[in-house]
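K.L.:
Could you work out the structure for the sequence below:
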Amino acid sequence: MTTLKTLAGFQHRFEPGTDAAAPPLLLLHGTGGDENDLIGLGRALSPNSALLSPRGPVLENGMPRFFRRLSEGVFDEADVVRRAGELAAFVAQARDAYGIGAPVAVGFSNGANIAAASLFLHPATLAGAVLLRAMVPLKAPPPADLAGRPVLLLSGAMDPIVPADNAARLAAGLEAAGASVTHTVQPAGHNLSQADLAAAGAWLARLAHVPAP
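P.N.:
Residues are numbered from 1 along each chain as shown. Predicted coordinates for the structure are as follows:
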């Protein structure tokens, strides 16, 4: 296992890539996860990518998250804005420290939500994103230029946490900002399925052959 490191206040793990054509991945875990949670997923989705996996800096009943929430599905939007800024600073420092390009976020649940917020608030931070079970992170995000930025949004048709209209609004908001959005609703709940993994892996493989915006 790679050594635990700290940059910009984020404990994290970094694994170098083996192919410069494979996009580096920023792995963002869900509530209660940590920097180890998505390493295996990232390696399975894009075997040759560099992997950057931070631990969420916020604790909710002892469980790491990337921002505070007021209740299930109700976010502390001021904290979302603050934490997205901190994550952007971490990514900038990590790019310098590890010599990687702008990463593609692969986020699950809370991690997908901070990735979506980062797209709106700090559009230069990410080269794209795989958003697994994401929700709208901000009710009125600022204007962002995401022209051509690739985004894969994978929702669950039976997800008890993310309403279908919420995921659809997120997709529409990203498209309105210019992102190239693929939104697929899987026959699944909030947990990931093999279909999610297959779709994300195929999407990332195609992305490796497309120049970054």
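K.L.:
how about the helices in the protein?
P.N.:
With DSSP state H as the criterion, the chain has helices at 39-45, 77-98, 110-121, 164-176, 194-207.
K.L.:
any idea how far Arg55 is from the residue lying farthest from the centre of the chain?
P.N.:
The outermost residue of the chain relative to its centre, with distances by C-alpha atoms, centre = their mean, is Asn61 at 22.6 Å. For Asn61, the distance to Arg55 equals 16 Å [C-beta to C-beta, to the nearest Å]. Quick note: C-beta positions are derived from backbone N, CA and C, even for glycine.
K.L.:
neighbours of the closest residue to Ile161 other than its chain neighbours, just the number please.
P.N.:
Spatially, and ignoring its direct neighbours in sequence, Ile161 is nearest to His190 (4.9 Å; C-beta to C-beta, 6 or more residues apart in numbering). Neighbour count of His190, defined by other C-beta atoms under 10 Å: 16.
K.L.:
List the contacts of His190.
P.N.:
Counting by C-beta atoms under 8 Å, 6 or more residues apart in numbering, His190 touches Ser109, Arg133, Gly156, Asp159, Pro160, Ile161, Val162.
K.L.:
quick one on the thing from earlier: mind putting the helices of the chain in CSV, mean pLDDT, distance to His183 and mean neighbour count included?
P.N.:
Below are these laid out as CSV (pLDDT from 0 to 100; distance: least, C-beta to C-beta, whole Å; neighbours: other C-beta atoms under 10 Å):
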stretch, mean pLDDT, distance to His183, mean neighbour count
helix 39-45, 97, 18, 18
helix 77-98, 98, 21, 18
helix 110-121, 98, 12, 27
helix 164-176, 97, 4, 17
helix 194-207, 95, 11, 16
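K.L.:
So for Val151, which of the ones you listed sits nearest?
P.N.:
helix 164-176 (5.5 Å; C-beta to C-beta).
K.L.:
hmm, who's touching the closest one?
P.N.:
116, 119-120, 131, 134-137, 141, 146, 151, 153, 155, 157, 181, 183, 185.
K.L.:
now that helix, how far from the chain's geometric center?
P.N.:
16 Å (C-alpha atoms, centre = their mean, to the nearest Å).
K.L.:
Compare the helices of the chain and report which one is nearest to Ala127.
P.N.:
helix 194-207 (8.5 Å).
K.L.:
Please tell me how far that closest one is from the chain's geometric centre.
P.N.:
The answer for helix 194-207 is 14 Å, by C-alpha atoms, centre = their mean.
K.L.:
for that helix, packing partners?
P.N.:
helix 39-45, strand 104-108, strand 128-132, strand 150-156, strand 180-186 (3 or more C-beta pairs under 8 Å, 6 or more residues apart in numbering; DSSP states H and E).
K.L.:
Can you list the strands that the third one pairs with?
P.N.:
So the one you mean is strand 128-132. Here strand 128-132 has these sheet partners by DSSP bridges: strand 104-108 (parallel), strand 150-156 (parallel).
K.L.:
With adjacent residues omitted, what lies nearest to Ser109?
P.N.:
Gly30 (3.5 Å).
K.L.:
which residues does the residue nearest to the spatial centre of the chain contact?
P.N.:
Nearest residue to the geometric centre of the chain (C-alpha atoms, centre = their mean): Gly107, 3.2 Å. Gly107 is in contact with Leu26, Leu27, Leu28, Asn113, Ile114, Ala115, Ala116, Ala129, Val130, Leu131, Leu132, Ala134, counting by C-beta under 8 Å, 6+ apart.
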